[in-house]
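1. 3D, please:
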Amino acid sequence: MDGLYVYSTTGATTGGYNITSSEMGHLFYTELGNLGYYNTSGGSQSGYGLMERGDFGNLVNSSYWSGTEYATTNSLDAWYFGMFGGNQLTAGDGGRILGLAVSSGQVQVSASASAVPEPGTFWLLGSGLIGLAGLVRKR
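-> You can find the predicted model right below:
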């Protein structure tokens, strides 16, 4: 997120709860299906927080820096996301808040994807077998 901090629980602002337009907010709410401390009407709800981790088993119930500086004259402020309640805030970046390494885009691997390209594998295997057959024939 970038811009001025505007609080809301509706998810339509830059700060607060239910924000899915930031990368960590999207991960928390949309990808993992977690609930924020407040619902979109501003009422507290049970079952909130980092209950679902999905493929992110090492996420902890803590705050994570986003790496985006907060747009103010104080260069020590930055955006962060609280996994314990699903809130997006700004604060001074001098504290002990965790970082989360992310990719620059949506990465999807299909079930049929192979770590080793098949044509190269077959060529390498074939040339090895031909070399082995040549050694056996030479003896």
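
2. pLDDT score for F81?
-> With respect to pLDDT, F81 has a value of 92.

3. that one bridge partners, please.
-> Y64, Q88 (DSSP bridges).

4. contact partners for it?
-> S22, M24, G25, F28, S63, Y64, S66, N87, Q88, L89 (CB atoms under 8 Å, 6 or more residues apart in numbering). To be clear about C-beta, it is placed using only N, CA and C from the backbone, and glycine gets the same treatment.

5. any idea how far the nearest residue to the second one once chain neighbours are set aside lies from L89?
-> Translated: M24. In space, and not counting its chain neighbours, M24 is closest to F81: 3.9 Å by CB to CB, 6 or more residues apart in numbering. Separation of F81 from L89 (CB to CB, to the nearest Å): 8 Å.

6. for M51, same thing?
-> Relative to L89, and taking CB to CB, M51 is found at 20 Å.

7. what is the lengthiest helix in the chain packed up against?
-> In the chain, with assignment by DSSP state H, the single longest helix is helix 118-138. Of the remaining helices and strands, none touches helix 118-138 by 3 or more CB pairs under 8 Å, 6 or more residues apart in numbering; DSSP states H and E.

8. quick one: distance of that helix to the chain centre.
-> Centre-to-centre, helix 118-138 and its host chain are 43 Å apart (CA atoms, centre = their mean, to the nearest Å).

9. repeat for stretch 86-94
-> Here stretch 86-94 is found 17 Å from its chain centre; the criterion is CA atoms, centre = their mean.

10. next, the buried residues of it.
-> Residues of stretch 86-94 classed as buried by neighbour count (16 or more other CB atoms under 10 Å): G86, N87, Q88, L89, T90, D93.

11. give me phi/psi at the closest residue to G49 other than its chain neighbours?
-> Leaving aside its chain neighbours, G49 sits nearest to F84 (5.4 Å; criterion: CB to CB, 6+ apart). Backbone geometry at F84, expressed as degrees, to the nearest 10, gives phi -70, psi -20.

12. sweet, I'm off.
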